[in-house]
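Whatever this is, show me its structure:
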Amino acid sequence: MSRTFLAVVNRAAGGKRCGKQADAVIADLRAKGIKIDVAETEARGHATEIVRAEYAKGRTNFMAVGGDGTSYEIVNGLFPEAIEGPKPRLALLPLGTGNSFLRDFSNDGAAYAIESLLADRVRACDVMRMKHDRGTIYYINLLSIGFAANAAAVTNRRFKRFGPAGYLAGVLVCLLKHERRKFPLRINGESKTDDRKCLFLSFNNSKFTGGTMMIAPDADPTDGQVEFIRWGPIGRLGALGQLKRIYDGTHVKHPLAEVRRASRFEFDLDDPIDVMVDGEVIRIRCEALDVLAGALEVCV
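Predicted coordinates:
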């Protein structure tokens, strides 16, 4: 392989597990013929800054060494410039906490990612674009609002070091509050606004969240569509009973669950809300979500 990847290393990922493993894995890849330059992140958002500067210089091949948050920052360093510029390529070296996106393709984690890289196995991947009151964000995994975002916020503050088990703890904490509210939106240009109360909404490019929760069992990151999951105002006990079904995707068969594929969403929110996107939690007022079909090459 003649191309050279810039490995963006987040040593803090996975409770600092990434920092302990990254050097040896990168050295092994180099020994097997993969050309790699290395840049280490120093703070939240640094990966975005690194990648934006390198893409502007003409580099198009990047490697996320960390978790879903590292990939998210890299994607936001590539776009929007990559919409009109050369198509970038992203390899994944999942040494972080969630690593949810890669699970669509394999349960073997880093071993599968390394195999894909060595085999030069690549496919086009959709990129989701969310415009909001303070700018635009891009993602390749999922974006959720409502209960799922609240659980992620609690997890990031209190339980992230415990990995997937920490997300479960965040879910249980949020069940005690169990907020259900309206998130008014229109789908695919429809004139009618859906302002029904719900537990959560999820806008998915891939299947998994929290590492092993199959939130969108039929999502396809290559189909140019968002897999939209809406959960109606289910009660606390009902939600608790459905929790285990999220791990095999059967929760979408519940009468209060709705699944729809769409390519554009417009929001009518009055105020900013917590949003969980690719493992990160931000507070924004969502305005519009659409799909950049096949905008990114991913080594999977």
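
low-scoring stretches of the protein, by residue?
Scanning the chain for pLDDT under 70 picks out 1-2, 97-98, 163-164.

Distance check, the nearest residue to Arg161 once chain neighbours are set aside against Ser100.
Nearest residue to Arg161, sequence neighbours excluded (CB to CB, 6 or more residues apart in numbering): Gly15, at 4.6 Å. (C-beta placed from N, C-alpha, C; glycine too.) Going from Gly15 to Ser100 by CB to CB, to the nearest Å gives 16 Å.

Which residue of these two possesses the greater neighbour count?
The neighbour comparison of Gly15 against Ser100 (other CB atoms under 10 Å) goes to Ser100, with 27 against 15.

Do I have it right that Gly211 meets Tyr167?
Yes: using CB atoms under 8 Å as the test, Gly211 is close enough to Tyr167 to be in contact (7.1 Å).

sorry, back to before: would the residue nearest to Arg161 count as being in a helix?
No: if the criterion is DSSP: H, G, I helix; E, B strand; the rest coil, then Gly15 is coil and not within a helix.

That one contacts Gly166, correct?
No: here Gly15 lies out of contact with Gly166, judged by CB under 8 Å, at a distance of 9.5 Å.

residue boundaries of the helices in this structure?
Along the chain, counting by DSSP state H, helices occupy 17-31, 46-56, 68-78, 81-84, 110-118, 147-154, 164-177, 236-242.

Please identify the most buried of those helices.
Compared across the helices of the chain, helix 68-78 shows the largest average neighbour count, a mean of 27 (mean count of other CB atoms under 10 Å).

okay, that one in PDB with CA atoms only?
Output in PDB follows, covering the C-alpha atoms of helix 68-78 (Å, rounded to 0.1, in the frame of the first residue of the first chain):
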ATOM      1  CA  ASP A  68     -16.300   6.800  18.500                       C
ATOM      2  CA  GLY A  69     -15.500  10.200  19.900                       C
ATOM      3  CA  THR A  70     -12.100  10.300  18.100                       C
ATOM      4  CA  SER A  71     -13.800   9.300  14.800                       C
ATOM      5  CA  TYR A  72     -16.400  12.000  15.300                       C
ATOM      6  CA  GLU A  73     -13.800  14.700  15.800                       C
ATOM      7  CA  ILE A  74     -11.900  13.500  12.600                       C
ATOM      8  CA  VAL A  75     -15.100  13.600  10.500                       C
ATOM      9  CA  ASN A  76     -15.800  17.200  11.700                       C
ATOM     10  CA  GLY A  77     -12.300  18.100  10.700                       C
ATOM     11  CA  LEU A  78     -12.900  16.800   7.200                       C
END
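
between it and helix 17-31, what angle do the directions make?
60 degrees (axes from the mean of the first three to the mean of the last three CA atoms, to 10 degrees).

Which among the helices of the chain is found nearest to Asn188?
When those are compared by CB to CB, helix 81-84 sits nearest Asn188, at 21.1 Å.

ok, residues contacting that closest one?
Residues outside helix 81-84 that contact it (CB atoms under 8 Å, 6 or more residues apart in numbering) are Arg52, Tyr55, Ala56, Pro88, Leu292, Ala295, Leu296.

Roughly how far does the last one sit from Asp268?
Read it as Leu296. 30 Å.

go on, Thr209?
Relative to Asp268, and taking CB to CB, Thr209 is found at 25 Å.

Repeat that for Ser144.
Ser144 is 18 Å from Asp268, by CB to CB.

quick one: which of those two has more around it?
Ser144 (23 against 14).

Who's the closest spatial neighbour of Lys192, skipping the chain neighbours?
Nearest residue to Lys192, sequence neighbours excluded (CB to CB, 6+ apart): Arg186, at 7.1 Å.

and if you look at Leu118?
Lys32 (6.1 Å).

Just list the residues touching Arg123, thanks.
So Arg123 contacts Thr222, Glu297, Val298, Val300 (CB under 8 Å, 6+ apart).

Quick check: closest non-adjacent residue to Leu185.
That would be Phe267: by CB to CB, 6+ apart, it lies 4.8 Å from Leu185.

Neighbours of the one you found, how many?
Neighbours of Phe267 (other CB under 10 Å): 20.
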